[in-house]
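[1] here's a sequence, model it:
(chains A and B)
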Amino acid sequence: MEKFISHTGTVLPLRRTNVDTDQIIPAVYLKRVTKSGFEDGLFSAWRNDPEFVMNKPEHKGATILVAGADFGTGSSREHAVWALQNYGFKVVLSSRFADIFRGNSQKAGLLTVIIPQEKIEVLWAAVEVNPSLEVSVDLDAKNVRFADEVIGFEIDDYTRWRLMEGLDDIGLTLKNIADVDAFEEKRPSFKPQTLPARS
Amino acid sequence: MGKTLSEKIWADHVVRSAAGEPDLLYIDLHLIHEVTSPQAFDGLRLAGRKVRRPDLTIATEDHNTPTLNIDKPIADPVSKLQIDTLRNNAKEFGIRIHSLGDIDQGIVHVVGPQLGITQPGMTIVCGDSHTSTHGAFGALAFGIGTSQVEHVLATQTLPQSKPKTMAINVDGTLKPGVTSKDIILAIIAQIGTGGGQGYVLEYRGSAIRALSMEARMTICNMSIEAGARAGLIAPDEKTFEYLKSKPHAPQGADWDAAVEYWKTLNSDADARFDHEITLKAENISPFITWGTNPGQGAPLDGKVPNPADIADVEDRGAAERALEYMGLTAGTPFKEIAIDTVFLGSCTNGRIEDLRSAAQILKGQKIAPKLRMLVVPGSARVRLQAEAEGLDKVFLDFGAEWRQAGCSMCLGMNPDQLTAGERSASTSNRNFEGRQGKGGRTHLVSPLVAAATAIRGTLSSPADLN
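    Numbers count the residues shown, from 1 in each chain, chains lettered A, B, ... in the order given. Now for the predicted structure:
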């Protein structure tokens, strides 16, 4: 996973709440067996509309998505994170994320940042006036900066450290695999096993 | 101070706990399907890793599989590749798989309980958000992404931060014609799609205790639609009775030891929940959704809401957008909304009791003109059981289609889809834009409402048939 320290880019303002993962990437696009190529399906239903914000030339090349509350609800598909990353997004800002989506984003290295809804509104308004506004998201300093604004955000230290070091979770767990061995020694015998199969 | 059920199961699975880190949780069962696993197996191969516990892992084909002509090769080459990839991965890594055509194939959340590998006090994960279904047995069960699927395959554990707990008390007696689907739709309408965020919900109270195991699964299944990490119901005699005859139930002395442990799995009287809400069962009536998220629901007796009456600006905007997408006008009585397709199935309502309850309403009736009805059993065994009881004949005589098992039109990944503008009454779990097919319009309903709607052609409850 690529290290994330800070990122500066332009913004795609998505003035919608409850953007579920079926909107981010519909199920018909989930048949691929790779982690790449999902950008075609990103917001595919909405992209049919020429007026949809993502189709506007002034937002071409945006790398920071700023969305309404409850972003990423619904299906657990990590393809939603890959689709955003494949398209070029590095950061998503919202006042509230669905748990599974947020977990997935943190595993895959897409930074999801929670800032209050009133600050989301300020950012939307600023970008709508000036689409080329440069916004910096600094994981080291834990803040979002644009124009004269500096908006602090919270993230747990462990996740921040992992993202800043670009560390793979599995590698970290394997360092403690002796703990797993010890736990398995004590598991009760009545716990079910799938093998040998009974039917 | 006592512990909640969720806290007890959590404590029993902590492999490692360190300050400033999420707990490392042991996973008792990992369920796998074709859509969210290929990239995880690829990751294992690239790193030269093995599956740590194939004996705690099981795969089934469900999301992508056709429900017609399953004896022929899958027509869509991309779907076929995904299914073949799962089969090859299962073979390479030594994982049990129930493929299309196998008697134990079906929707992953129907298969687990019917095999008896879903048991109280377990931790269960799957790359599917409706894993919360298994919470009906008093198991801590939650959906995960593909990176986490790989993590569980490699280590049989997951780093997780501890969830908050919410008690949802449903007391009293349900009115006739009201089901567990109506309870959960009413709960989500009350707390919203983000209301359960960060919480494990524990459903309690006399109305929950009175529900069958299958009805409990329907409630826990949709916990994720309230944004919750998981849903739970404490196990009781009904749970033990349901499990006893299942193939993977503990045997002999193991059964006694298991039951003894399972009986400790309830929230202590002095346990404190982070949040608590209470509903009266008597106040719940048949419920439907009118919008494009599961929180946009209302009693079937009502009318399409007027967004202007909604105080919250965000909710008002969302309601305006939803009505436009759904092609609905404020003030229209729900019962006047004409339906094109009725879908009976899914991990929410595709079990034998769901099929029985719908068949009871449909028996001797005829389908409304121009309406189509798809009946898709949740598993191959549910299908066989229904056929043994003659339910397939009831559905076919009525004018419905009787299909093979799978996720089908719940997510429209296989050919079972709505066309643009087509309106469904669906017993599934999500009414998102385009969920059942691009441009499709979904109303979530119970199996009883689905059946009555198929007869009358407009959203209806069985009471409207008299």
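
[2] show me where pLDDT drops low in the chain?
    Unless you meant another one, I'm taking chain A. For chain A, no stretch has pLDDT under 70.

[3] now do the strands in it.
    Using DSSP state E, the strands found in chain A span residues A:6-9, A:11-14, A:64-67, A:91-94, A:111-114, A:135-138, A:143-146, A:149-152.

[4] CSV please, covering those strands and showing distance to residue B:185.
    To be clear about C-beta, it is placed using only N, CA and C from the backbone, and glycine gets the same treatment. Formatted as CSV, these follow (distance: least, C-beta to C-beta, whole Å):
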stretch, distance to residue B:185
strand A:6-9, 41
strand A:11-14, 28
strand A:64-67, 26
strand A:91-94, 26
strand A:111-114, 28
strand A:135-138, 38
strand A:143-146, 37
strand A:149-152, 37
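
[5] any chance of those strands in TSV with distance to chain B and mean neighbour count as columns?
    Converted to TSV, the strands of chain A look like this (distance: least, C-beta to the nearest C-beta, whole Å; neighbours: other C-beta atoms under 10 Å in any protein chain shown):
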stretch	distance to chain B	mean neighbour count
strand A:6-9	21	16
strand A:11-14	13	23
strand A:64-67	12	25
strand A:91-94	11	25
strand A:111-114	11	20
strand A:135-138	21	20
strand A:143-146	21	19
strand A:149-152	20	13
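
[6] grab the most central residue of chain A for me.
    residue A:105 (3.7 Å; C-alpha atoms, centre = their mean).

[7] can you tell me the closest non-neighbouring residue to that one?
    Closest residue to residue A:105 apart from its sequence neighbours, by C-beta to C-beta, 6 or more residues apart in numbering or on different chains: residue A:112 at 4.5 Å.

[8] and that neighbour, bridged to which residues?
    For residue A:112, the beta-bridge partners under DSSP bridges are residue A:92.

[9] contacting residues for it?
    The neighbours of residue A:112, taking C-beta atoms under 8 Å, 6 or more residues apart in numbering or on different chains as the test, are A:72, A:91-94, A:97, A:101-102, A:105-106.

[10] kindly recompute the last result at 7 Å.
    By C-beta atoms under 7 Å, 6 or more residues apart in numbering or on different chains, the contact set of residue A:112 is A:92, A:97, A:102, A:105.

[11] show me the residues you listed that map onto helices.
    Among the contacts of residue A:112, the residues falling in helices (DSSP state H) are A:102, A:105.

[12] of all the contacts of residue A:112, which two lie farthest apart?
    The largest separation in the contacts of residue A:112, counting by C-beta to C-beta, is between A:92 and A:102 at 9.3 Å.

[13] residue ranges with poor pLDDT in chain B?
    Ranges of chain B meeting pLDDT under 70: none found.

[14] longest helix anywhere in it?
    helix B:77-93.

[15] which neighbouring elements make contact with the very next helix or strand once past that one?
    Downstream of helix B:77-93, the first helix or strand assigned by DSSP states H and E is strand B:96-98. Applying 3 or more C-beta pairs under 7 Å, 6 or more residues apart in numbering or on different chains; DSSP states H and E, we find strand B:96-98 packed against strand B:57-60, helix B:77-93.

[16] contacts for the shortest one next, please.
    By that I understand strand B:57-60. Contacts of strand B:57-60 (C-beta under 7 Å, 6+ apart): A:194, B:30-33, B:51, B:86, B:90, B:95-98, B:105-106, B:108, B:111, B:117.

[17] count of neighbours near residue B:308?
    When neighbours are defined as other C-beta atoms under 10 Å in any protein chain shown, residue B:308 has 9 of them.

[18] in the longest helix of chain B, what's buried?
    B:79, B:81-83, B:85-86, B:89-90, B:93 (16 or more other C-beta atoms under 10 Å in any protein chain shown).

[19] any part of that helix near chain A?
    Yes. Using C-beta under 7 Å from any C-beta of the partner chain, helix B:77-93 comes into contact with chain A via B:78-79, B:81-82, B:85.

[20] would you indicate which residues of the helix of greatest length in chain A are buried?
    Longest helix of chain A, by residue count under DSSP H: helix A:117-129. Buried residues in helix A:117-129, counted by 16+ other C-beta under 10 Å: A:119-120, A:122-124, A:126-127.

[21] what is it packed up against?
    strand A:11-14, strand A:64-67.

[22] can you name the element that comes right after the longest strand belonging to chain B?
    Secondary structure of chain B read by DSSP E shows that its longest strand is strand B:164-171. Using DSSP H and E, the helix or strand that follows strand B:164-171 in sequence is helix B:180-191.

[23] give me the helices and strands touching the helix or strand following that following helix, please.
    Using DSSP H and E, the next helix or strand after helix B:180-191 towards the C-terminus is strand B:199-204. If you count contacts as 3+ C-beta pairs under 7 Å, 6+ apart, strand B:199-204 packs onto helix B:5-11, strand B:164-171, strand B:230-232.

[24] highest mean neighbour count out of these?
    strand B:230-232 (a mean of 31; mean count of other C-beta atoms under 10 Å in any protein chain shown).

[25] show me how far the helix or strand following it is from its chain's centre.
    In the C-terminal direction, the helix or strand that comes right after strand B:230-232 (DSSP H and E) is helix B:237-244. How far helix B:237-244 lies from its chain's middle: 20 Å, per C-alpha atoms, centre = their mean, to the nearest Å.

[26] residue B:166 and residue B:199 touch, don't they?
    Yes. Judged on C-beta atoms under 7 Å, residue B:166 makes contact with residue B:199 at a distance of 4.3 Å.

[27] does the residue nearest to the centre of chain A touch residue A:80 like I think?
    No. Residue A:105 is beyond contact range of residue A:80, at 8.7 Å (criterion: C-beta under 7 Å).

[28] which residue ranges form the strands in the stretch 1-150 of chain B?
    Secondary structure of the stretch 1-150 of chain B (DSSP state E, counting those that start in this stretch): strands at B:14-16, B:23-26, B:29-32, B:57-60, B:96-98, B:123-126, B:140-143.

[29] how about the ones you listed in JSON lines, adding distance to residue B:277 and mean neighbour count?
    Listed next are the strands of the stretch 1-150 of chain B as JSON lines, based on distance: least, C-beta to C-beta, whole Å; neighbours: other C-beta atoms under 10 Å in any protein chain shown:
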{"stretch": "strand B:14-16", "distance to residue B:277": "28", "mean neighbour count": "19"}
{"stretch": "strand B:23-26", "distance to residue B:277": "27", "mean neighbour count": "22"}
{"stretch": "strand B:29-32", "distance to residue B:277": "30", "mean neighbour count": "28"}
{"stretch": "strand B:57-60", "distance to residue B:277": "35", "mean neighbour count": "27"}
{"stretch": "strand B:96-98", "distance to residue B:277": "38", "mean neighbour count": "21"}
{"stretch": "strand B:123-126", "distance to residue B:277": "25", "mean neighbour count": "26"}
{"stretch": "strand B:140-143", "distance to residue B:277": "20", "mean neighbour count": "29"}
